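S.K.: sequence-free structure coming up:
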């Protein structure tokens, strides 16, 4: 059974850091784009950062470039999102997703795949 399990969310002050982790199991990660989406109250879900698991092709939303870093650990079937210099506008429910999409569209177009349950990130003083 395919499963994505997120961890690492929480409350942090502006300028702080958090690392989100997504542990995948039950499916072949090499054909998927794995990444993070977020949804703030009253806003649409947006792609934050995605990685093509087979070749490390990476996408970042403009709003997080230079602050967030996505990486994968093939030995543990895990994808991490290191988030630095966090801002209040980064506050959202963050979802891990595995999507069957072309690398040119990953994080920007939804495709068939799997979703985690979500982990809350709150940036507040």
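M.R.: The structure has been received and is ready for your questions. Small disclaimer: the values here were computed from a predicted structure and weren't measured. Numbering: from 1, shown residues only.

S.K.: contacts, neighbours, all on C-alpha from now
M.R.: Will do.

S.K.: So what pairs up with the spatially most central residue of the chain in the strands?
M.R.: Nearest to the mean C-alpha position of the chain, counting by Cα atoms, centre = their mean, stands residue 36 at 1.8 Å. On the basis of DSSP bridges, residue 36 is bridged to residue 49, residue 96.

S.K.: ok, now which ones touch it?
M.R.: 47-50, 81, 94-97, 107 (Cα atoms under 8 Å, 6 or more residues apart in numbering).

S.K.: Narrow these to just the buried residues.
M.R.: Of the members of the contacts of residue 36, the ones counted as buried by neighbours, 16 or more other Cα atoms under 10 Å, are 47-50, 81, 94-97, 107.

S.K.: Where does confidence bottom out across those?
M.R.: Minimum pLDDT for those is recorded at residue 107 (93).

S.K.: surely residue 72 meets residue 82?
M.R.: No - in this structure, residue 72 is not within contact of residue 82 by Cα atoms under 8 Å, at 11.1 Å.
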